[in-house]
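[1] Got a sequence here, can you build the structure:
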Amino acid sequence: MTHDRGRAWDDDDDDAWDDDDEAPDDDSDAEPTVPCPYCREEILEEAPRCPACGNFISAEDHAGPGKPAWVIVTALICLGMAIWWAFASG
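    Sure, this is the predicted structure:
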């Protein structure tokens, strides 16, 4: 086998180049990427968060703000009424 400009000559066929030693032109093995909807940086398609800006990509992955304020206020009012009732009736 002789080498000419980084390409190997195929011994089986005198007129054919062996393309096994060349790197593929396309990135078929690379994972698919999409632009981040917030900062437009390229990220992996399956990424739950953007590594550049830190935003969650889908609402399902978002941790959320927690409990709504009305739930906390209602719980505090009920707790206050229970404490008031315990001290007022004693």
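[2] Pull the residues that contact stretch 35-46.
    For stretch 35-46, contacts defined as Cβ atoms under 8 Å, 6 or more residues apart in numbering pick out Glu31, Pro32, Thr33, Val34, Cys50, Pro51, Ala52, Cys53, Asn55, Ile57. Heads up, the C-betas are built off the backbone N, CA and C, glycines and all.
[3] for the residues you listed, which one is nearest Cys78?
    Relative to Cys78, the closest of these is Asn55; by Cβ to Cβ it sits at 36.5 Å.
[4] Which residue comes closest to that closest one once chain neighbours are left out?
    Taking Cβ to Cβ, 6 or more residues apart in numbering as the measure, Asn55 lies nearest to Tyr38, with 4.6 Å between them; neighbours along the chain are not counted.
[5] and that neighbour, how many residues sit next to it?
    Using other Cβ atoms under 10 Å, the number of residues around Tyr38 comes to 13.
[6] how close does it get to Ser58?
    Taking Cβ to Cβ, to the nearest Å as the criterion, Tyr38 is separated from Ser58 by 12 Å.
[7] Check Ile83 too.
    According to Cβ to Cβ, Ile83 stands 43 Å off from Ser58.
[8] cool, Ala82 as well?
    If you go by Cβ to Cβ, the gap between Ala82 and Ser58 works out to 41 Å.
[9] Please apply the same query to Met81.
    41 Å.
[10] what about the strands in this structure?
    3-4, 7-9, 17-18, 33-35, 42-44 (DSSP state E).
[11] Tell me which strands the last one pairs with, and in which orientation.
    Looking back up the chat, that one is strand 42-44. Under the criterion DSSP bridges, strand 42-44 sits next to strand 33-35 (antiparallel) in its sheet.
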